[in-house]
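J.: Sequence first, predicted coordinates after that:
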Amino acid sequence: MEEITTTSWIVYGHERLLEMLPDWNPKRNELKLQQKNRRAGLAGEERVLEVVRSSGLPNDSMVLSDIRLQIIPGVTIQIDTLVLTPAIALIFETKQIAGRLRFVRNPAQLEKVEDNKIIQSMDCPAAQFEDQRASLETWLLMRGFSIPVGGSVVFTTNPIIETIPQGLPVIKLRELRRFIAQSLQFDPVMSRREVEMLANTIRSSHSPYIPFPLFGKYGFDPEKFDWGPRCDCGYLLDKTSEMTWSCRPCELNMIDPYVKTLLTWFLLRSKTITVKQFCMIFQCSRRTGVRVLNRLPLMRDGKARSTYYEIDYHQLDLFES
């Protein structure tokens, strides 16, 4: 079983963004709230994945997550979790909505209710799921794969749902294992090799959402920020030797803060960096800059003093190794 995921990097990048922003920045509170929702959504998706992995799937099944596929030019679908089995493909759309909920038809929407009053109306997740399911069926048929597509919306926060209309694809997290077991009671329509071919086709077609660098997205001026290495507490580190840095508030010494600092640069400021910029950030010699940059998973271009290094945002996971 394998996964495709970019959401965790988007969450990580916004953590670094909030770490850089001062308390007085007018956009900070809004971004902080968005990040809270983003973290909750990621946690919900991870809980669904944990249940899916422990649900006794056949050995010839594959699990993909955080997938974006282009149906036609300009139209894409985003799927939180996709389970591929020889009998059926299952979409699971994760929702982190707590409280008392009410499904309404005509028009289809979901209402959040408090003291019998509607406090929030939102698009119906079941209708969104049906659009995803139909779109994925179309995408598969266009590529020669004939397999039924099922699945459900999964609420991970155990809300109180007043009524779920019959046939609506909505379940709670505790019902997911049973739902998967029931969904697998069909005859296979694909071989193990065909499941692998389908998974490979999805991987090669996957079009991840890349919002980086974030400063450009939010309109921040990078020249007004200090790009030096920071402690996990957010405080700028002091350089005590060529290889050692210290955090005064935490009274901790750190060795090699390069990867985290460079990731912050790439995710927030620019997809490229020069040796000169590296040396300014780390207060080091050009020799050290070239040595460190050459050992990282970066593309090198240019010659002599005009050499620069570029990150491939599709291969961010290489930095974890």
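T.: Sure thing, it's come through.

J.: Give me the contacts around the helix-or-strand element of the chain with minimal mean pLDDT.
T.: For the chain, the helix or strand with the lowest mean confidence is strand 252-255, at a mean of 81 (criterion: mean pLDDT, DSSP states H and E). Identification of contacts with strand 252-255 by C-beta atoms under 8 Å, 6 or more residues apart in numbering yields 229, 231, 237, 240, 243-247. Bear in mind the C-beta positions are built from the backbone N, C-alpha and C, glycine included.

J.: Skip ahead from that strand and say which helix or strand is next.
T.: helix 258-268 (DSSP states H and E).

J.: That next one packs against which elements?
T.: helix 7-20, helix 214-218, strand 272-274, helix 275-282 (3 or more C-beta pairs under 8 Å, 6 or more residues apart in numbering; DSSP states H and E).

J.: how about JSON lines for those, with distance to residue 122, mean pLDDT and mean neighbour count added?
T.: Converted to JSON lines, the helices and strands packed on helix 258-268 look like this (distance: least, C-beta to C-beta, whole Å; pLDDT from 0 to 100; neighbours: other C-beta atoms under 10 Å):
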{"stretch": "helix 7-20", "distance to residue 122": "20", "mean pLDDT": "94", "mean neighbour count": "18"}
{"stretch": "helix 214-218", "distance to residue 122": "24", "mean pLDDT": "95", "mean neighbour count": "15"}
{"stretch": "strand 272-274", "distance to residue 122": "40", "mean pLDDT": "97", "mean neighbour count": "18"}
{"stretch": "helix 275-282", "distance to residue 122": "43", "mean pLDDT": "94", "mean neighbour count": "18"}
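
J.: phi, psi of the nearest residue to residue 165 once chain neighbours are set aside?
T.: In space, and not counting its chain neighbours, residue 165 is closest to residue 103: 5.9 Å by C-beta to C-beta, 6 or more residues apart in numbering. When read as degrees, to the nearest 10, the backbone of residue 103 gives phi -90, psi 130.

J.: if I pick residue 103, what's in contact with it?
T.: Contact analysis of residue 103 by C-beta under 8 Å, 6+ apart lists 110-111, 124, 126, 161-165, 168, 170.

J.: got it, and residue 133?
T.: Applying C-beta under 8 Å, 6+ apart, the residues near residue 133 are 91, 149-151, 169.

J.: ok, now residue 76?
T.: Taking C-beta under 8 Å, 6+ apart, we find residue 76 in contact with 68-70, 207.

J.: Which of these fall within strands?
T.: The strands, defined by DSSP state E, take in 68-70 from the contacts of residue 76.

J.: Narrow the residues you listed to those that are buried.
T.: residue 69 (16 or more other C-beta atoms under 10 Å).

J.: and which of the ones in strands among the contacts of residue 76 is nearest residue 194?
T.: Minimum distance to residue 194 across the ones in strands among the contacts of residue 76 is 18.2 Å, recorded for residue 69 (C-beta to C-beta).

J.: List just the nearest of the ones in strands among the contacts of residue 76 to residue 267.
T.: When the ones in strands among the contacts of residue 76 are compared for distance to residue 267 (C-beta to C-beta), residue 68 wins out at 18.8 Å.

J.: where in this protein is pLDDT low?
T.: Residues of the chain meeting the criterion pLDDT under 70: 1-5, 321.

J.: if I look at residue 253, how far off is residue 69?
T.: 47 Å (C-beta to C-beta, to the nearest Å).

J.: Of the contacts of residue 133, which is the most crowded?
T.: Among the contacts of residue 133, the one with the most neighbours (other C-beta atoms under 10 Å) is residue 151, at 25 neighbours.

J.: which phi and psi does that one have?
T.: Backbone torsions of residue 151, given as degrees, to the nearest 10, read phi 130, psi -160.

J.: what's the closest non-adjacent residue to it?
T.: Closest residue in space to residue 151, ignoring its immediate chain neighbours: residue 91 at 3.5 Å, by C-beta to C-beta, 6+ apart.

J.: before we move on, the earlier item: can I get the contacts of residue 103 in a markdown table including distance to residue 52?
T.: Putting the contacts of residue 103 into a markdown table (distance: C-beta to C-beta, whole Å) gives the following:
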| residue | distance to residue 52 |
| --- | --- |
| 110 | 24 |
| 111 | 29 |
| 124 | 24 |
| 126 | 20 |
| 161 | 22 |
| 162 | 27 |
| 163 | 27 |
| 164 | 21 |
| 165 | 25 |
| 168 | 21 |
| 170 | 17 |
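
J.: any chance of the helices and strands packed on helix 258-268 in TSV, with distance to residue 53 too?
T.: Shown next, in TSV, are those (distance: least, C-beta to C-beta, whole Å):
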stretch	distance to residue 53
helix 7-20	16
helix 214-218	31
strand 272-274	38
helix 275-282	40
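
J.: returning to that earlier point: in the contacts of residue 76, find the pair that's most separated.
T.: Once C-beta to C-beta is applied, these give 68 and 70 as the farthest pair, at 7.7 Å.
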